[in-house]
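**Q** heads up, no residue letters with this:
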């Protein structure tokens, strides 16, 4: 077995098997609630213990409760927050916000991220002393970080996609779609590109025929075990002991699975570092991995979303049934825009956690992702010298400059609901535009802002640009992407 470089492994978080939907939701929701407070860790820990999510787990070194320290590391591994190694206060990514808003379920979250996780990436950057020793013995110069080492070695691999492709091929060839950790380590881990999966499959068949009983590196085997835990939390696979098999869900949707595997195998879907500065690459990685496009997401078919499935996958299920149809009023009543995001202030650690547990301080009027997008859009427009306003009963945001107005409507979307949500947004913008024109006798511009990026069909550009005259912006982590070429949306894109 020839590895891409000595010591190469699919290194991953070693807490993956100890999390569940309730714990991940509580960690994220608490991190979001206290993200602006310098003493957020104390507040998060108090809340997690008060909600009986975790035990107090008092640390011997500090004598303090610190469940956050023990479990938060899984969140950047999954692309749900930016690592606090680079951004001190918790900052959720779009997919992290999607989960606590109920836009994506737990196993769908894991399914989407298991497809997109790749090497190289901007999170696994450390080169261990053991690997450095192996590289030195082989006469290989040691680069500043693992990301660069992977790039130098030609690695461009999504392990989850490779494992699933091998399981699909086993199924198609009449074998049981099952793989164990040792087989994965010896046959799949040496693969440097997803397009080389046939070579991995051939190695697997040869290994099974040889009855090879040689020992394997336990550290690298443990990394594969964590990958199996990762896959086992998704809709794709069932983990039993040291083996993993395709789930009944994807066996019933095998062609859909194959299509998404082919999408993710395309080198154009991979992230590549663009900077020699580790921090810049890391922030770019979390933005990329934490902002899955519509095409890259996995959503469970409606017929498989039983009540039990919803209970397991959506800890905050009441948000699933929220209706964003604002009341119809005679006029659009604008007010100066103020973001509903708290300022950074310190708070007393003796906060009334019980009231938080009962939900009295929860933001409920709009989803958190929706509010974050509006706040970021308003900040960008203000920097561009626009005056911004909103109407809580209609317009998400109205920007005015030099007597010309633009109405923005924000819609959070996922792979299963993006078409009806876009149609809803178009209808709302058409109504708001007409009602505003009655008030001012001037027809405003209209722009639909989507919470994920997506590829529009070829006819859509002309339809939006010329037929209905509505622009489209897509929100990504830290930026807006224009899908139409109107002056305002291009200005926002270039400024973000």
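**A** Alright, I've got the coordinates. Being a predicted model, the structure only gives us computed values, none of them experimental. Numbering: from 1, shown residues only.
**Q** can you pull out the helices in the stretch 301-450 of the chain?
**A** Here the stretch 301-450 of the chain has its helices, by DSSP state H, counting those that start in this stretch, at 307-313, 353-357, 368-383, 418-440.
**Q** okay, those helices, which one's buried deepest?
**A** Of all the helices of the stretch 301-450 of the chain, helix 368-383 carries the top mean neighbour count, a mean of 20, counting by mean count of other C-beta atoms under 10 Å. For the C-beta atoms, the positions are set from N, CA and C on the backbone; glycine is no exception.
**Q** Just give me how far that helix sits from the chain centre.
**A** Its chain's C-alpha centre and that of helix 368-383 lie 19 Å apart, by C-alpha atoms, centre = their mean, to the nearest Å.
**Q** Also stretch 157-165?
**A** How far stretch 157-165 lies from its chain's middle: 18 Å, per C-alpha atoms, centre = their mean.
**Q** From here on, call the first residue 688.
**A** That works, and once the first residue is 688, the last one we named lands at stretch 844-852.
**Q** in it, what's buried?
**A** If you call a residue buried by 16 or more other C-beta atoms under 10 Å, then stretch 844-852 has these buried ones: 844-852.
**Q** Could you point out which residue ranges in the stretch 738-887 of the chain have low pLDDT?
**A** Scanning the stretch 738-887 of the chain for pLDDT under 70 picks out 744-752.
**Q** List the buried residues for the longest strand along the chain?
**A** Counting by DSSP state E, the longest strand found in the chain is strand 1091-1098. By neighbour count on 16+ other C-beta under 10 Å, the buried set for strand 1091-1098 is 1092-1098.
**Q** Within its sheet, name the partner strands of that strand and how each one runs.
**A** Using DSSP bridges, the strands paired with strand 1091-1098 are strand 1084-1088 (antiparallel), strand 1132-1137 (parallel).
**Q** Pick the most buried one from these.
**A** Ranked by average neighbour count under the criterion mean count of other C-beta under 10 Å, those are headed by strand 1132-1137 at a mean of 24.
**Q** What lies in contact with that strand?
**A** Outside strand 1132-1137, the residues that touch it by C-beta atoms under 8 Å, 6 or more residues apart in numbering are 1060, 1064, 1083, 1091-1098, 1100, 1105, 1109, 1112-1113, 1116-1117, 1119-1120, 1156-1162, 1167, 1173, 1175-1176.
**Q** Apply 7 Å and report the result again.
**A** 1060, 1064, 1093-1098, 1100, 1109, 1112-1113, 1116, 1120, 1157-1162, 1175-1176 (C-beta atoms under 7 Å, 6 or more residues apart in numbering).
**Q** possible to save the helices of the stretch 988-1137 of the chain as a markdown table with distance to residue 836?
**A** Shown next, in a markdown table, are those (distance: least, C-beta to C-beta, whole Å):
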| stretch | distance to residue 836 |
| --- | --- |
| helix 994-1000 | 37 |
| helix 1040-1044 | 44 |
| helix 1055-1070 | 34 |
| helix 1105-1127 | 38 |
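**Q** Between its first and last residues, what's the separation in stretch 958-970?
**A** 12 Å (C-alpha to C-alpha, to the nearest Å).
**Q** residues in contact with that stretch?
**A** Contacts for stretch 958-970 (C-beta under 7 Å, 6+ apart): 769-770, 773, 805, 807-810, 812, 832, 834, 838, 971-972, 975.
**Q** Give the bridge partners for residue 843, please.
**A** On the basis of DSSP bridges, residue 843 is bridged to residue 880.
**Q** just to revisit the earlier point, and the strands paired with strand 1091-1098: which comes nearest residue 942?
**A** Of all these, it is strand 1132-1137 that lies closest to residue 942, at 27.2 Å by C-beta to C-beta.
**Q** just to revisit the earlier point, closest to residue 937 out of the strands paired with strand 1091-1098?
**A** strand 1132-1137 (27.6 Å).
**Q** what is the mean pLDDT for the closest one?
**A** Averaging pLDDT along strand 1132-1137 gives 98.
**Q** What's the first helix or strand after that strand?
**A** Following strand 1132-1137 in sequence order, the next helix or strand is helix 1147-1149 (DSSP states H and E).
**Q** what does that next one rub up against?
**A** For helix 1147-1149, the external contacting residues (C-beta under 7 Å, 6+ apart) are residue 1171.
**Q** cool, and stretch 854-868?
**A** 850, 853, 888, 908, 911-912, 915, 929-933, 941, 944-945.
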